[in-house]
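Participant: turn this into a structure:
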Amino acid sequence: MLHINKIKKFIILLLVLSGTGITVQAQITRPTWWFGLSGAANANFYEGTTQTLNSSLVAPTALHKGFGIRPYGSVLIEYRPAGVWGAMLNVGYDGRGGKFNEVMAPCNCSTNLSTDLSYAVIEPSLRFNMGKSSVYLFAGPSIAFNLTKNFTYTQLRQPDTKSEMTNVRNTLVSGQVGLGVDIKTSSPTSLTQVSISPFVSYHPYFGREPRSIESWSITTVRAGIAIKFGKAHKTASVQQAAAPPMIAEREIGFAVRAPKAIPLKRKVSETLPLLNSVFFDNASVNIPDRYVLLSKNQATNFSESSLQKESTENMTGRSARQLNVYHNILNIMGDRMRANPGATITLSGASPNITDGKAFAESVKQYLVTIFGIDGSRITTEARKKPISPSEQPGGDKALVLLRAEDTRVDIRSTSPELLLEVGGDMMKPVQFTATQFDPLDSHVIFNVDGGKEVLSSWTINTTDSKGAVQKFRPFTGNMQSISGAAILGNSPTGDYKVTLIGTTKKGNTVQKGSTVHLVRYDDNTLKGLRYSIVFDFDRARSIQSYNKFLSGTVAPLIADGSTVIIHGHTDIIGEPAYNQTLSSDRALQTQKMIEQALISSGKKNVKFETSGFGEDVAQAPFENTLPEERFYNRTVIIDILK
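Facilitator: Numbers count the residues shown, from 1 in each chain. Below you'll find the predicted structure:
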């Protein structure tokens, strides 16, 4: 992250320099041909996977992401005729080495891999001068010829290995795009013109897979400086300052999406995926008291079906109902093992102190054995420093307290289908229950403000009914907001409203947009629906594709012609809000696409989708973000099927 921030600062510096540039036409002509040298630093970002280093060394654990700073140097020629177009050619040395992020081998030993890849490169480019300013853009191919392919592999309690990688491609063809600024340092009347040119360029991963095996690829951001020399000729002179560019504020778009009818409540049959983890506190090896722990007599009468009784709840209170089910995870497990005497489980306790991890697992085992009478031979315990799928990743430096709390846990694993069910991951077989929702999400009016985040510092919504009564909904930020339809209607059964958006731009200007909406209250208590959820590990690279079987085989068959399907994505509060917003929207849209494909295959039509991503918006989040299990459940896509 530090390296990325430096690159951002460098780009900002280029823009500042370009804004203060002076276009000078002295008593000489501008040189057409320029020659020079450049030097730069390559920020190399490793993606993909590598494991087989050469014929004699295969790493026990695959290595994925990595980073490195390496030098770049070239000789250059530039052709700048009159006009905005020109050409460039760089021939030089390109360092693409770096270091992969540390991973743990099966022996619980840390492993490291550093590479020393370098190439001779030829980079022809088209050059585009941005008007009369000194800023230019360039883009073109990059042809690289391998020079070195050395690596150093280290593993704890093993000798270091220094050798050459095999299966390294001799030639790579990729692309590049960049931005630079020419800063003249010579006298306007000198026949030998000299300029210093800071530049930054981006070299995407495609075509930059150094090996013919595996999926390792390299993306490079290059930042450096060039010195250029050109020969001018005498002519008449005119000097003028370049006018600063005028940047107009972007026009924003405004759209309102309202339900045809506003249901006040709905009876929902919900299928809840159960996390297969019990989270522990660092201060104790005892099972936390937020989990429901029974006596022997209570366990004798416990049945999973007792958790399926109908409850009344609203959207913001939904978490209390679900967490009550989840906090019975040990009782559900005991009941299922008691009903299926052939089933076995493994309890994997994780803690930075591996002794505590073992004690966590033993605490869970002791509860199942003592309270539910499960034979101890059916339960295996093990200890780890980190879970098999940890929340904290190597190199991470944000929200470590929250992530490490999520990694202090016991994971329940089994190969017995009576206990676990693959629903997009190692999830326990879900629990079904019936609940009554008040003010469900599909009763909300959605306000979409295209450009709201980029242009506006804040915006408000005013609604005016047919009698002139005005309601003001206080300032929002971002591109989307939902407001309860019942809150707009109040006690009225129906209403026509004029909707006004009033926004303040980041430059201090006021903008106003308008629309209309017609709302109707729906008071039928018999309205019913189905709800399904899928959950994700923290920042896991696993694609939504892993849920395809569940979505197409379980959810889609329950959707009838003419139904409405409401899909909404959420995240926890860890990470950047903009990233979380995009992540939740992408997951929700991909979920819709998979369901649509399954419906088309089965010949179903006329199904309406309402899909949104709310990111980490706490007003819409189904859970709080205080407990590890709440954050896990907030990493979700929720699917409501309305009949």
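
Participant: going forward, measure contacts and count neighbours with C-alpha atoms only.
Facilitator: Noted.

Participant: got a list of contacts for stretch 465-484?
Facilitator: 439, 441, 443-453, 456-464, 488, 495-498 (CA atoms under 8 Å, 6 or more residues apart in numbering).

Participant: in that stretch, what's buried?
Facilitator: 465, 476-484 (16 or more other CA atoms under 10 Å).

Participant: can I get that stretch in PDB, CA atoms only?
Facilitator: Only the C-alpha atoms of stretch 465-484 are listed here, as PDB (Å, rounded to 0.1, in the frame of the first residue of the first chain):
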ATOM      1  CA  ASP A 465     -47.900  15.200  -1.500                       C
ATOM      2  CA  SER A 466     -50.900  16.500  -3.400                       C
ATOM      3  CA  LYS A 467     -51.900  18.800  -0.500                       C
ATOM      4  CA  GLY A 468     -48.500  20.500  -0.500                       C
ATOM      5  CA  ALA A 469     -47.200  18.800   2.700                       C
ATOM      6  CA  VAL A 470     -43.400  18.400   2.500                       C
ATOM      7  CA  GLN A 471     -41.300  15.700   4.200                       C
ATOM      8  CA  LYS A 472     -37.500  16.100   4.300                       C
ATOM      9  CA  PHE A 473     -35.100  13.200   4.500                       C
ATOM     10  CA  ARG A 474     -31.800  14.200   5.800                       C
ATOM     11  CA  PRO A 475     -28.500  14.400   3.900                       C
ATOM     12  CA  PHE A 476     -27.100  11.400   2.300                       C
ATOM     13  CA  THR A 477     -23.900  10.600   0.400                       C
ATOM     14  CA  GLY A 478     -23.000   8.200  -2.300                       C
ATOM     15  CA  ASN A 479     -24.900   7.100  -5.400                       C
ATOM     16  CA  MET A 480     -27.900   5.300  -3.900                       C
ATOM     17  CA  GLN A 481     -30.200   5.400  -0.900                       C
ATOM     18  CA  SER A 482     -33.500   3.700   0.100                       C
ATOM     19  CA  ILE A 483     -36.300   5.100   2.100                       C
ATOM     20  CA  SER A 484     -39.200   3.200   3.600                       C
END
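
Participant: contact partners of the helix or strand encompassing Gln590?
Facilitator: Using DSSP states H and E, Gln590 falls within helix 577-601. By CA under 8 Å, 6+ apart, the residues outside helix 577-601 that reach it are 544, 548, 551-552, 555-557, 567-571, 605, 609, 611-616, 637.

Participant: next structured bit after the helix-or-strand element of the chain with minimal mean pLDDT?
Facilitator: Ranked by mean pLDDT, DSSP states H and E, the helix or strand of the chain with the weakest confidence is strand 24-25, at a mean of 42. For strand 24-25, the following helix or strand on the C-terminal side (DSSP H and E) is strand 33-47.

Participant: tell me which of the buried residues of stretch 465-484 fall in strands.
Facilitator: 476, 480-484 (DSSP state E).

Participant: go through the helix holding Gln590 and flag the buried ones.
Facilitator: Buried residues in helix 577-601, counting neighbours by 16+ other CA under 10 Å, are found at 580-581, 583-589, 591-592, 594-596, 598-599.

Participant: same question for stretch 200-209.
Facilitator: 200-205, 207-209.

Participant: and that stretch, how far apart are its ends?
Facilitator: Taking CA to CA, to the nearest Å, stretch 200-209 runs 22 Å from one end to the other.

Participant: what does stretch 104-117 give?
Facilitator: 24 Å.

Participant: with stretch 297-305 instead?
Facilitator: 17 Å.

Participant: make residue 1 into 296 and carry on from there
Facilitator: In the new numbering, first residue 296, that becomes stretch 592-600.

Participant: quick one on the thing from earlier: and of the buried residues of helix 872-896, the nearest to Tyr341?
Facilitator: Leu878 (21.6 Å; CA to CA).

Participant: and the helix holding Gln885, average pLDDT?
Facilitator: Mean pLDDT, helix 872-896: 90.

Participant: could I get the full set of helices for the stretch 646-795 of the chain?
Facilitator: For the stretch 646-795 of the chain, the helices defined by DSSP state H, counting those that start in this stretch occupy 649-667, 695-701, 747-750, 780-784.

Participant: adding mean neighbour count and mean pLDDT, write these out as JSON lines.
Facilitator: Listed next are these as JSON lines, based on neighbours: other CA atoms under 10 Å; pLDDT from 0 to 100:
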{"stretch": "helix 649-667", "mean neighbour count": "21", "mean pLDDT": "95"}
{"stretch": "helix 695-701", "mean neighbour count": "17", "mean pLDDT": "90"}
{"stretch": "helix 747-750", "mean neighbour count": "19", "mean pLDDT": "84"}
{"stretch": "helix 780-784", "mean neighbour count": "19", "mean pLDDT": "86"}
